[in-house]
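S.K.: let's see this in three dimensions:
(2 chains)
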Amino acid sequence: MNIQEIIVYILVAGAVFFLLKKFFFKKKKKGGDCGGSDCGCH
Amino acid sequence: MAAQNIKIALIGNPNTGKTSVFNHLTGLNQQVGNYPGITVERKSGACKLPNGTKGTILDLPGTYSLNASSIDENVVIELLLNKTDKDYPDVAVVVTDVENLKRNLLLFTQIKDLEIPTILVINMSDRMERKGISLDIAYLEQQLKTRIALVSSRKGTGIDTLKGLIVNYHSLSTEPCLNASSIDPEYFNGLRNVFPTQQLYKLWLVITQDVNFGQLERNELHNSSFAKSKPELKRLQQKETIKRYQFINDVLKTGQTIDNSKAKDLRAKLDRVLTHKVFGYVIFFGVLMLIFQSIFSWSSVPMDFIDESFASLASYTEAHMAPGKLTDLISQGIIPGIGGVVIFIPQIAFLFLFISVLEESGYMSRVVFLMDKIMKRFGLSGKSVVPLISGTACAIPAIMAARNIENWRERLITILVTPFTTCSARLPVYTILISLIIPEKMIFGLFNQQGLVLMLLYLLGFGGAILSAWILNKILQVKHKSFFVAEMPNYKLPLFKNVVLNVLEKTKAFVYGAGKIILALSILIWFMGSHGPGEKFSQAETIISSQPENKALPEDQLNDKIAAYQLENSYIGIVGKSIEPVIKPLGYDWKIGIAIVGSFAAREVFVGTLATIYNIGSSGEDEATIKQRMNAEVDPITGKKIFNFATGVSLLLFYAFAMQCISTLAITKKETNSWKWPLIQLFGMSGFAYVVSLITYQLLK
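M.R.: Numbering: from 1, shown residues only, chains lettered A, B, ... in the order given. From the prediction side, this is the model:
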């Protein structure tokens, strides 16, 4: 496995983790309202 | 010695320019945030005051009085009554509008009764001369037992005076400006005797309202021997309000002079036209047309530029990076995926530019008034207008805005139908599909056909909302209708700074909010499209090259065919093919199906997902833009364009009606405290979208 492949697998794992966290294991927000940089509207 | 930090609560009726005062005081460095445990937004910001003193300003939701009838009003009262709250203010700044002083002062007199040091800000003072208004500030200060800052948030005047008054808040009188207990001396004396340590007006508010001020106090009060019945309390409350207005009238009789002969008022004339039962709607439709025409024509140049830049960037990356999986991921996955969101920045910016200008100018309030008349015919509450109109930006704050509807059923109907309103996330999908299926033709040499279709889709969303509200209204049988009482703000020239800030904030939210999801999904989709199980994927080149009909094909066509075959047998291809039977009757192929499934995370994902899939599915040597790739996509069996008129219209209608936003479902769950309603929303809206799209495609194909 070359370096490019390793980076790709890390990025894919990161993307899966991000999506799972965003939609399935959502933390209760402490700050940020709608219209803010990460309002949770999207 | 540590510098003093003064806690300042900014309070006032809606539309008094409170937020502008807040922005002036904080120098626009405010930190905006939801506070834990509080259901409605409070904004806080830091403010530099004279003599090195610092201030923390809390911008509370606008409220007409301390007689709470909705959740957002409760937020104000709960804070002002709870001395243990970490945000309990050292000083209250009540912002009023010079043209509506009489009504605005009701809240001021109530806050004074809470014995909090209070400063009165009379805002919009720049309009005094034009309106023929003059004030006797010294007299008003003496009668209202306060200090007054005459401010113009538009011109930025009076802010330094206000800062000076805040610093010296210790010298402010905490004495109430009238004796409200005189409405029933016997009752209030009884209260005073039983709770000698409590503030009388605080006790009165606790008794008359369903606000959580501490369970113990409520229980004590309800169990006390002098408790009054609800109708009796209501009557007393009315007497209290009348008494306050009598006091305010008396004060203003001397303290304020309005000379109508000096007023140069355009407002009344404009209102007569803009809210006219015929011309009002004609003008509104004209404004809508202008907006949607402009969205298409003004944004086409920057959009084409962005599209071409991303296509060149992808091609450049592929040519200059070392060959390998990372290069493929960047050039075929990440760049096209991100391009799919960045391309819509001009349109989103123009949409919010128009919305901000309409809001800032005061015209939006006239639209709300006009729409209220239509809403009532369909059984909707007048108060539902605000959520439905604000849903054009995003359904989430719009659903939260339904909190000011007191009647639960009305509120529920509003929450359920608000996602039909066309939110900004639908705009990217609409514009790309319209540009693919609707020719760029002018009608009567004036109107761009594409802009008209976009406007039609917005009206369709609004129509869907009021029609479904009418049906729900019949099912849920709402008997009591709440009335929408709102003040028409004055017409103003939009403040350039406010408009620009709003556009930047909303555009940033669009890019960063949707951008992160799109980036993650692009990576995942690229991976699933570039990897697959079995020999069909790994031996795609051998299989396709060995087929007799492909032997004579030129190299680039052969490469395209191999890439397409590989994609079809990749993981994403297998998933897409498995859902194809469900979406085929709607005119969609499996690639569109993947984009639709991805759109349930966020609608904007649609274009980015297709861009990634089409990039993987081609040999990747050209510099085609997203639009060109979508336009070039053909059905391998029929040879016809995938994005033809029938499929395009079917897709547009699907996106107009389907419930495709996880965040909206989550907020519906939160607001209704039940999974039942978001599930009804999801299956009801999406089922309806499916049926409409199916009928449309079958009729048009």
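S.K.: so for stretch B:442-456, what gets flagged as buried?
M.R.: B:447-448, B:450-455 (16 or more other C-beta atoms under 10 Å in any protein chain shown). C-beta coordinates here come from the backbone N, C-alpha and C atoms, glycine included.
S.K.: just stretch B:521-533 next, same as before
M.R.: By neighbour count with 16+ other C-beta under 10 Å, stretch B:521-533 contains the buried residues B:521-530, B:532.
S.K.: can you give me the strands in chain B?
M.R.: B:5-12, B:31-33, B:42-48, B:54-59, B:91-97, B:118-123, B:133-135, B:147-150, B:256-258, B:442-443, B:447-448 (DSSP state E).
S.K.: lowest mean pLDDT across those, which one is that?
M.R.: Mean pLDDT is lowest for strand B:31-33 among those, at a mean of 35.
S.K.: can I assume residue B:671 is in contact with residue B:415?
M.R.: Yes - using C-beta atoms under 8 Å as the test, residue B:671 is close enough to residue B:415 to be in contact (5.7 Å).
S.K.: between those two, which one's more packed in?
M.R.: The neighbour comparison of residue B:671 against residue B:415 (other C-beta atoms under 10 Å in any protein chain shown) goes to residue B:415, with 26 against 18.
S.K.: I figured the more buried one hits residue B:669, correct?
M.R.: No - with contact defined as C-beta under 8 Å, residue B:415 does not count as touching residue B:669 (10.4 Å).
S.K.: so what's in contact with these two at the same time?
M.R.: Counting by C-beta atoms under 8 Å, 6 or more residues apart in numbering or on different chains, the contacts common to residue B:415 and residue B:669 are residue B:677.
S.K.: rewinding a little: pLDDT and distance to chain A for the buried residues of stretch B:521-533 - can I get that in CSV?
M.R.: Shown next, in CSV, are the buried residues of stretch B:521-533 (pLDDT from 0 to 100; distance: C-beta to the nearest C-beta, whole Å):
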residue, pLDDT, distance to chain A
B:521, 84, 7
B:522, 83, 8
B:523, 89, 4
B:524, 88, 5
B:525, 84, 9
B:526, 86, 9
B:527, 90, 5
B:528, 88, 9
B:529, 84, 12
B:530, 86, 9
B:532, 87, 15
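S.K.: export these as a markdown table, with columns for distance to residue B:171.
M.R.: Formatted as a markdown table, the buried residues of stretch B:521-533 follow (distance: C-beta to C-beta, whole Å):
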| residue | distance to residue B:171 |
| --- | --- |
| B:521 | 59 |
| B:522 | 61 |
| B:523 | 61 |
| B:524 | 63 |
| B:525 | 65 |
| B:526 | 66 |
| B:527 | 67 |
| B:528 | 69 |
| B:529 | 71 |
| B:530 | 72 |
| B:532 | 77 |
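S.K.: got any ranges where chain A has weak pLDDT?
M.R.: A:26-42 (pLDDT under 70).
S.K.: so what sits against both of residue B:671 and residue B:415?
M.R.: With C-beta under 8 Å, 6+ apart, residue B:671 and residue B:415 have common neighbours B:399, B:402.
S.K.: that older thread, nearest to residue B:616 among the strands of chain B would be which one?
M.R.: Residue B:616 lies closest to strand B:447-448 among the strands of chain B, at 34.0 Å (C-beta to C-beta).
S.K.: hmm, back to that, so which of the buried residues of stretch B:521-533 are in helices?
M.R.: Among those, the ones falling in helices (DSSP state H) are B:521-530.
S.K.: going by distance to residue B:368, which of these wins?
M.R.: Nearest to residue B:368 among those is residue B:521, at 36.7 Å by C-beta to C-beta.
S.K.: doesn't residue B:429 make contact with residue B:606?
M.R.: Yes - with contact defined as C-beta under 8 Å, residue B:606 and residue B:429 form a contacting pair (4.9 Å).
S.K.: overlap in contacts, the two.
M.R.: B:599, B:655.
S.K.: nearest to chain A, of the buried residues of stretch B:442-456?
M.R.: Nearest to chain A out of these is residue B:454 (C-beta to the nearest C-beta; 20.9 Å).
S.K.: which residues touch that closest one?
M.R.: B:292, B:295-296, B:430-431, B:434.
S.K.: need those residues in a markdown table (columns: pLDDT, neighbour count and distance to chain A).
M.R.: Below are these laid out as a markdown table (pLDDT from 0 to 100; neighbours: other C-beta atoms under 10 Å in any protein chain shown; distance: C-beta to the nearest C-beta, whole Å):
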| residue | pLDDT | neighbour count | distance to chain A |
| --- | --- | --- | --- |
| B:292 | 80 | 25 | 22 |
| B:295 | 79 | 26 | 20 |
| B:296 | 74 | 24 | 23 |
| B:430 | 91 | 23 | 17 |
| B:431 | 88 | 23 | 17 |
| B:434 | 92 | 22 | 22 |
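S.K.: which of the residues you listed fall in helices?
M.R.: Among these, the members found in helices (DSSP H) are B:292, B:295-296, B:430-431, B:434.
S.K.: chain A: which of the strands of chain B is closest?
M.R.: Judging those by C-beta to the nearest C-beta, what sits closest to chain A is strand B:31-33, at 4.0 Å.
S.K.: what about residue B:602, distance to chain A?
M.R.: Separation of residue B:602 from chain A (C-beta to the nearest C-beta, to the nearest Å): 5 Å.
S.K.: try residue B:277
M.R.: Residue B:277 is 34 Å from chain A, by C-beta to the nearest C-beta.
S.K.: one step back: turn the strands of chain B into TSV, columns for distance to residue B:646.
M.R.: TSV is the format used below for the strands of chain B (distance: least, C-beta to C-beta, whole Å):
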stretch	distance to residue B:646
strand B:5-12	54
strand B:31-33	45
strand B:42-48	48
strand B:54-59	51
strand B:91-97	54
strand B:118-123	56
strand B:133-135	62
strand B:147-150	64
strand B:256-258	63
strand B:442-443	22
strand B:447-448	22
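S.K.: with distance to chain A added, can I get those strands in JSON lines?
M.R.: Shown next, in JSON lines, are these (distance: least, C-beta to the nearest C-beta, whole Å):
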{"stretch": "strand B:5-12", "distance to chain A": "16"}
{"stretch": "strand B:31-33", "distance to chain A": "4"}
{"stretch": "strand B:42-48", "distance to chain A": "8"}
{"stretch": "strand B:54-59", "distance to chain A": "12"}
{"stretch": "strand B:91-97", "distance to chain A": "20"}
{"stretch": "strand B:118-123", "distance to chain A": "24"}
{"stretch": "strand B:133-135", "distance to chain A": "35"}
{"stretch": "strand B:147-150", "distance to chain A": "28"}
{"stretch": "strand B:256-258", "distance to chain A": "37"}
{"stretch": "strand B:442-443", "distance to chain A": "34"}
{"stretch": "strand B:447-448", "distance to chain A": "28"}
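S.K.: if we can go back for a sec, ok, the buried residues of stretch B:442-456 vs residue B:250, which is closest?
M.R.: residue B:455 (52.1 Å).
S.K.: model confidence for the closest one, exactly?
M.R.: Note on residue B:455: pLDDT of 91.
S.K.: can you check residue B:487 too?
M.R.: Per-residue pLDDT puts residue B:487 at 61.
S.K.: again, but for residue B:480
M.R.: Residue B:480 is given a pLDDT of 58.
S.K.: so what's residue B:449 up against?
M.R.: B:438-443.
S.K.: could I get the buried residue list for stretch B:549-560?
M.R.: B:558-560.
S.K.: ditto for stretch B:502-511
M.R.: Buried residues in stretch B:502-511, defined by neighbour count with 16+ other C-beta under 10 Å: B:502-503, B:505-507, B:509-511.
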